[in-house]
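A.B. asks: let's see this in three dimensions:
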Amino acid sequence: MKRLILAVCAILTTCALFAQEAPAAPEAPKAEWNKGMTTTIGFSQLSLMQWAAGGVGQLTLNTFADLYANLTKGKVVWNNELQAGYGFIHSFDKDYLLKSDDRLIFDSKFGYKAAEKLYFSAVYNFRTQFAEGWDASHSLIISDFFAPAYTSLGLGIDYTPTKNVSINFAPLTGKVTMVRPEELRVRYGNREDQFARFELGTQLRVDAKLEVENFKVATALVLFSDYLNKPQNIKVNWDVNAEAKVTKFFSVTLRTNLIYDDNVLVPKYYKRATAEHAVGDPYQGKGIQFKELFSIGFTYTFGQAKK
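C.D. replies: Residues are numbered from 1 along each chain as shown. Sure thing, here's the model as predicted:
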C-alpha cells in the first residue's frame, strides 16, 4: 500500500513539474485597425449688379470625403479606401449646373506576407460617378451613374520598399467596363448591345505618399495591358491628391486625374479644314483626358489619422 501511495505521489509530482516547464501557447496576433474619414468642403459665390466691367454671377461648391479602414494582423494586411467627391458651378444667368468634380472610387488590397517587404496580394478597384455629365453646350448627356463604371480584380505580388511606397504587380487581372444607357456604350468602347465588356490582362500599380509638417501628397499610377485585345496599347490612370493645411481646419487642396484609354472617345476638333469639315468642327476620337481641381476650404478628420 505504501508503495502504491509513493508511486501515485511520484506521478503527480512529475506531471506538475512538466506542467510548470511546458512553454505557454503563443498568443494569437492582435488585430490593429486604422479607421477614419477626412472631409473637405470648398465654397465660393460671386454676385454682380450693373457691373461695368462685365462678368457673370456664379455659385461654386466642391465636396470630397476620404474614408479608410486598414487592418494589420500578424502576416495579414488589408487596406480599404472609399473616395467620394462632387462639385458644381452654377451660373446665375443659366438654369443648369456644370459639374466640376464627380467621382466614386473604392479600393481594397489584401496582402499576406511572404518575405520581408513582399506580400502575396489581391487588389480590387471600383470606379464610377454619381450624376449626369453634359457636353459643353449642355445639349447632350455624355456620362451618368454606371455610365461608365469600371471594376477590376488582380492577383499578384506587392512590394513595399518603404512604408510610403507600394508597387503592386498583378499578371492576372480581370477588368469589366459597364455602361448602362445604350446610347453611351460606343463612347466608352462597348457595343450598343453590350452592357459589360470584359478584359483580361496584367496590371502594374504604384502608390506613393509624402507628408512633411502641414503638407501631404498621395499619388496612384495604374498601368493595364489587355492580353485579349491590342496588349501593346497601355491604359493609364494617374491620380494625385495634394493638401496643404493653412490652419487647423482650413486647407488648400489640389486633385488631378490623367486617363488614357484607347477604347474611350473624347471630344476633339478639326485643326485643318477638309472638304466636309471646317476648322474647329467637333468630332470624337482617341486622346488623353486630364482633370484638375484646386480649392480652398474646410477640412476635418474623424477618427484616426490615416497611416
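A.B. asks: name the helix or strand of this structure that has the lowest mean pLDDT.
C.D. replies: When each helix and strand of the chain is scored by mean pLDDT, DSSP states H and E, helix 2-21 comes last, with a mean of 43.
A.B. asks: quick one: low-confidence ranges for this structure?
C.D. replies: 1-26 (pLDDT under 70).
A.B. asks: for the strand ranked longest in the chain, which strands pair with it and how are they oriented?
C.D. replies: The residue-count maximum for a strand in the chain (DSSP state E) belongs to strand 97-115. Within its sheet, strand 97-115 is paired with strand 76-91 (antiparallel), strand 118-128 (antiparallel), according to DSSP bridges.
A.B. asks: only the buried residues of it, if you could.
C.D. replies: Taking 16 or more other Cβ atoms under 10 Å as the basis for neighbour counts, the residues of strand 97-115 that come out buried are 97-111. Every C-beta, even on glycine, is put in place using the N, C-alpha and C of the backbone.
A.B. asks: just stretch 186-206 next, same as before
C.D. replies: When burial is assessed from 16+ other Cβ under 10 Å, stretch 186-206 yields the following buried residues: 187-190, 197, 199, 201-206.
A.B. asks: which of these lies closest to residue 128?
C.D. replies: Proximity to residue 128 was ranked across these by Cβ to Cβ; first place goes to residue 188, at 11.4 Å.
A.B. asks: centre of the chain to stretch 207-223, how far?
C.D. replies: If you compare the mean C-alpha spot of stretch 207-223 with that of the full chain, they lie 13 Å apart, counting by Cα atoms, centre = their mean, to the nearest Å.
A.B. asks: not counting its neighbours along the chain, what's nearest the residue most central in space within the chain?
C.D. replies: When Cα atoms, centre = their mean is applied to the chain, the residue found nearest the centroid is residue 105 (4.7 Å). Once its chain neighbours are removed from consideration, residue 105 has its nearest residue in residue 83; the separation is 4.4 Å (Cβ to Cβ, 6 or more residues apart in numbering).
A.B. asks: which residues does that neighbour contact?
C.D. replies: Neighbouring residues of residue 83 by Cβ atoms under 8 Å, 6 or more residues apart in numbering: 64-67, 103-106.
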